[in-house]
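*Asks:* Can you look at this prediction? I've put the sequence above it.
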Amino acid sequence: MQTGFIGLGAMGFSMARNLHKAGLLAGVFNRNPVRAAEFCQSAGAPAYRSIEELAENCEVLVICVSADADVLSVINAIAGAKPAGKLVIDCSTVSRDTAVAAAARLQAEDCDFLDAPVSGGTEGARLGQLSIMVGGKAAVFDRAAPVLGAMGQRIIHMGPVGTGQATKAVNQVMAAGINQAVTEAMAFAKSLDLPIDKLIEVVGSGAAGNWFVNHRGMSMVAGDYPPGFKLALHLKDLLICQQMAQTIGGQLPLSQATIADYQRLVETGHAEEDISALYRLKASLFPNKAGSA
Ligand code: NAP
């Protein structure tokens, strides 16, 4: 299955590398050619100068770019390359409406589409252990199995186009709550002068344990927030979730509070940090003890 990859960011670089390891990668495209050259040097797959050229040379195209407008512009470029009979898999996190629009644009060119957002962070991407939530026709999902299997471990077909993104929206609401709980608890732990490594070892494997405390607990308390999952990207996702909830007449108070916190952090120059930078605000709740972070 000749597969092309578009978007070699924090996630895409490792996902493309795993496709290469599985013998599926035919080529890559990245908007910034320096990053594409870096990939080629380390993995050996060719970098194409345009999305159209990559699309012409592949049967399957995987996309992992930032936001809704970016996905739609990539889809437009693919649609312009006469992609009849091909398959496009979008692993970016965007709105359900964008997934539906992308599928319709490609269907007009007789090209299949799956929305397949991922969860598991940069570590999951590197290890090929992502959870992948997929929307699209069952037969198309079956066709995509080798490609998805090279990047993920738990791959679930959720239903028609858009259900992958709807599932990811639920995931992001949950991630907001976990971030709030873990950053607040860790600032509290630091203020109690507890040994953080031991605390994570015992709490992280009990009923309150979770991926985030185990992978980001030590670094956040040390005031270290390398991305990871960029705060600006989670903010983008929560705004999508908020809009989806409003559309169905509901509310997401925890996400609402997280949006406000992230906006404060963006305004003070922390947009490119990992979402664990929320610890900065929580540390300020314990001014005498939790450190400046
Ligand atoms: P990132 O490191 O910021 O990389 C974004 C990638 O998209 C870059 O390769 C960028 O190219 C490309 N891009 C952006 N706009 C583009 C456009 N208009 N045309 C072509 N390429 C474009 O982001 P990331 O962390 O890899 O995240 C990618 C997606 O996965 C996002 O939707 C994010 O929400 C989702 N996600 C991220 C994580 C995580 O832990 N990081 C986890 C799950 C899901 P340039 O290099 O030229 O800028």
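*Replies:* Great, that's in hand.
*Asks:* The closest residue to the ligand within the stretch 151-293 of the chain: neighbour count?
*Replies:* Of all residues in the stretch 151-293 of the chain, Phe229 sits closest to the ligand, at 3.3 Å by Cβ to the nearest ligand atom. Every C-beta, even on glycine, is put in place using the N, C-alpha and C of the backbone. The burial count assigned to Phe229 is 23, neighbours taken as other Cβ atoms under 10 Å.
*Asks:* Can you report how many residues neighbour the residue nearest to it when sequence neighbours are not counted?
*Replies:* Leaving aside its sequence neighbours, Phe229 sits nearest to Ile275 (Cβ to Cβ, 6 or more residues apart in numbering; 5.3 Å). Counted with other Cβ under 10 Å, the burial measure for Ile275 works out to 28 neighbours.
*Asks:* Next up, phi/psi of the residue of the stretch 151-293 of the chain closest to the ligand, please.
*Replies:* phi -100, psi 110 (degrees, to the nearest 10).
*Asks:* Contacts only, for it.
*Replies:* Ala10, Gly121, Thr122, Asp274, Ile275 (Cβ atoms under 8 Å, 6 or more residues apart in numbering).
*Asks:* The residues you listed in strands, which ones?
*Replies:* With DSSP state E as the criterion, strands contain none of the contacts of Phe229.
*Asks:* circling back: please tell me the pLDDT value assigned to the residue of the stretch 151-293 of the chain closest to the ligand.
*Replies:* Phe229 carries a pLDDT score of 90 in this model.
*Asks:* Neighbours of the residue lying closest to Lys230 once chain neighbours are set aside, how many?
*Replies:* Nearest residue to Lys230, sequence neighbours excluded (Cβ to Cβ, 6+ apart): Glu272, at 5.8 Å. By other Cβ under 10 Å, the residues close to Glu272 number 14.
*Asks:* Could I get the phi/psi values of the closest residue to Asn288 other than its chain neighbours?
*Replies:* Spatial nearest neighbour of Asn288, excluding adjacent residues (Cβ to Cβ, 6+ apart): Ser191 at 7.6 Å. Taking degrees, to the nearest 10, you get phi -70, psi -20 for the backbone angles of Ser191.
*Asks:* what do you get for Leu61?
*Replies:* According to degrees, to the nearest 10, Leu61 has phi -120, psi 130.
*Asks:* again with Gly152
*Replies:* Per degrees, to the nearest 10, the backbone of Gly152 is at phi -130, psi 170.
*Asks:* residue contacts, it?
*Replies:* Gly152 neighbours (Cβ under 8 Å, 6+ apart): Val118, Gly120, Gly124, Gly128, Gln129, Leu130, Ser131, Ile132.
*Asks:* give me the subset of the contacts of Phe229 touching the ligand.
*Replies:* Among the contacts of Phe229, the ones lying near the ligand by Cβ under 6 Å from any ligand atom are Ala10, Gly121, Thr122.
*Asks:* doesn't Gly228 make contact with the first one?
*Replies:* Yes. With contact defined as Cβ atoms under 8 Å, Ala10 reaches Gly228; the gap is 7.4 Å.
*Asks:* any common contacting residues for these two?
*Replies:* In contact with both Ala10 and Gly228: Thr122, using Cβ under 8 Å, 6+ apart.
*Asks:* the helices in the stretch 151-293 of the chain, which residues?
*Replies:* Assigned by DSSP state H, counting those that start in this stretch, the stretch 151-293 of the chain shows helices spanning 163-191, 196-203, 211-221, 231-247, 253-267, 279-283.
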